[in-house]
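Peer 1: Model the following, please.
(one chain, ligands or ions: 2)
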Amino acid sequence: MPLSVVILAAGQGQRMHSDLPKVLQPLGGKTLLEHVLHTAATLKPSAIHVVYGHGGDQVPAALRQPQVQWVLQAEQLGTGHALMQALPAIPDDHTVLVLYGDVPLVRAGTLRKLVDSALRGELAVLTARVAEPAGYGRMLRDAEGQVQRIVEHKDASAEQRGINEINTGLMACGAGLLRGWLAQLRNHNAQKEYYLTDVIAMAAAEGVLVDGVVAAEESEVAGINDREQLAAAETALRQRLAEELMQRGVMLRDPARIDVRGELSCGRDVCIDINCVFEGEVKLGHRVRIGPNAVIRDCEIGDDTEVFAHSVLEGASIGARVRIGPFARIRPQSQLADEVHIGNFVEVKKSKLGRNSKANHLAYLGDAEIGSEVNVGAGTITCNYDGVNKHRTVIGDGAFIGSNTALVAPVTVGPGATIGAGSVITRDAPAGQLSIARARQETVPGWKRPRKKT
Ligand code: UD1
Ligand code: CA
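Peer 2: Ligands and ions are numbered 1, 2, ... in the order given. A predicted model of the protein is given here:
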């Protein structure tokens, strides 16, 4: 049976006190809605409908997901009304899986269970037992444990509020059945809304089995309504990703102190020290070691490379057995070949360094093409910017750049050339020779220090 996913995302999220629609709030480097979309996509549905409304076109504009069918709910009259907007586009023979844009951490396996039960002709609803049920709809079961209906917190009696099995809002059911029930929804309740949850009682009354699937972990089904819940979800997601990394063999010095805001893939025996942040897509080879407080975004790092403490790497491709930092900064479009050493307070931008080249202290290498076996002395900088345009510096294999050299680009240093310390190189330096460009040292005979006038 084909599967149609409907994600309800039209609500305002008043309790966030934010100008951003709630489903666009960030969680682990993605929006809440992107998390839901990503999980939904793993079920390979034939369509994903997203019901949007509050915030207008902000939500579709922020996502630009070509596979999504956007459904406008102009007025937010409740979750049942929201689903009604999407249903006309879904044929009767589809299974409908309803997800909430503000329940981002649900797992694909849990959703599978819901879909499977819908395929058996049942109405599946995901529930959870929670310590603090306040605010959620409560599951009312009969003496046999059969789900009878859901009562919203605002409509619940004191006794019903004592029930700690809550409705997560997520459900699955045949489209034909849902269509019939939604047509009968009324808004006679505390919030004057068309509650999707009322279809549970309709199903039970018609003898359709209601399968209350209890979620394995509470964090999976947590709805995010305010900033505290958003922060709690961030912690839960962080924990989940840390556990996954450890299960795949990564050594984390402290699983509570790593942030993965994107995709991190690791080879064998990778070791990550505390407080590291990984963003975008990061690939670490075998036995890579990352020191404390490193920030790494969109990088590929080869086997046995070590990144020392406090280094920031972005958009770089880094070879094997490379050593970077401590306190190094590698900026986008940089390529470091195998065995390169980048030391403390060295910034590399849009530059290539060949095999076994070294810049061990205090340097700026921007728009440079540096061969292999090059030694860049401390304090060396490429003057790549003339105030208007950027220019390239080329340094041949085996060159030795003396400390505190300014390479005024465009300029080329030939292979095997040596540059004397403190030089300002404005013209090409020939291969294999010593070039020096600084005032010569002299000693002034008879010079005396000035004296204070009395
Ligand atoms: C809903 C459930 C409640 C459940 C809780 C779980 C109903 C009536 N209640 O309550 O039983 O315990 O979720 O988190 O369903 N939305 C729309 N259009 C609307 C209203 C809501 O698209 O007109 C969307 C929201 O953007 C959100 C989701 O539906 O993603 C849930 O809406 P929300 O107002 O947060 O429902 P709750 O009061 O939390
Ligand atoms: Ca909610």
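Peer 1: Get me the contact residues on this structure for ligand 1.
Peer 2: For the chain, the residues in contact with ligand 1 (C-beta under 6 Å from any ligand atom) are 8-11, 51, 73, 76-79, 81-82, 100-103, 136-137, 150, 152, 166-169, 195-197, 223. (C-beta placed from N, C-alpha, C; glycine too.)
Peer 1: out of the residues you listed, which are inside helices?
Peer 2: Here DSSP state H is the test, and these give 79, 81-82 as lying in helices.
Peer 1: For the residue in the stretch 51-200 of the chain that ligand 1 sits nearest to, which non-adjacent residue is closest in space?
Peer 2: In the stretch 51-200 of the chain, the residue that lies nearest ligand 1 is residue 137 (2.2 Å; C-beta to the nearest ligand atom). With sequence-adjacent residues excluded and distances taken as C-beta to C-beta, 6 or more residues apart in numbering, residue 137 is closest to residue 167, at 3.9 Å.
Peer 1: Okay, that neighbour and residue 141: tell me how far apart.
Peer 2: 12 Å (C-beta to C-beta, to the nearest Å).
Peer 1: what about the two, which has more around it?
Peer 2: Set residue 167 next to residue 141 and count neighbours by other C-beta atoms under 10 Å: residue 167 wins out with 26 against 15.
Peer 1: Where is the longest helix in this protein?
Peer 2: Longest helix of the chain, by residue count under DSSP H: helix 227-247.
Peer 1: Please compute how far the lowest-mean-pLDDT helix or strand in the chain lies from its chain's middle.
Peer 2: Within the chain, no helix or strand scores below helix 58-63, which has a mean of 92 by mean pLDDT, DSSP states H and E. Here helix 58-63 is found 17 Å from its chain centre; the criterion is C-alpha atoms, centre = their mean, to the nearest Å.
Peer 1: Name the residues of it that are buried.
Peer 2: 59, 62-63 (16 or more other C-beta atoms under 10 Å).
Peer 1: count of residues packed around residue 158?
Peer 2: Close neighbours of residue 158, defined as other C-beta under 10 Å, add up to 6.
Peer 1: and if you look at the one 5 residues further on?
Peer 2: Neighbour count for residue 163, taken as other C-beta under 10 Å: 17.
Peer 1: Name the SS class of it, please.
Peer 2: Look at residue 163: counting by DSSP: H, G, I helix; E, B strand; the rest coil, its state is coil.
Peer 1: Quick check on it: phi, psi?
Peer 2: Here is the backbone geometry of residue 163 (degrees, to the nearest 10): phi -70, psi 130.
Peer 1: Beta-bridge partners for residue 139, please?
Peer 2: Taking DSSP bridges as the rule, residue 139 bridges to residue 150.
Peer 1: ok, it - contacts?
Peer 2: Neighbour list for residue 139: 125, 127, 147, 150, 163, 165-167, 212 [criterion: C-beta atoms under 8 Å, 6 or more residues apart in numbering].
Peer 1: so where do the strands sit in the stretch 101-250 of the chain?
Peer 2: Using DSSP state E, counting those that start in this stretch, the strands of the stretch 101-250 of the chain run over 123-129, 138-141, 147-151, 165-174, 210-214.
Peer 1: Of all those strands, which one is nearest residue 55?
Peer 2: strand 165-174 (19.7 Å; C-beta to C-beta).
Peer 1: Quick one: list the elements packing against that closest one.
Peer 2: For strand 165-174, the helices and strands in contact under the criterion 3 or more C-beta pairs under 8 Å, 6 or more residues apart in numbering; DSSP states H and E are strand 95-100, helix 108-119, strand 123-129, strand 138-141.
Peer 1: Specify the angle between that strand and strand 147-151 in degrees.
Peer 2: For strand 165-174 against strand 147-151, the angle by axes from the mean of the first three to the mean of the last three C-alpha atoms, to 10 degrees is 110 degrees.
Peer 1: Residue 271 contacts residue 292, doesn't it?
Peer 2: No: look at residue 271 against residue 292 with C-beta atoms under 8 Å: they stay out of range, at 11.3 Å.
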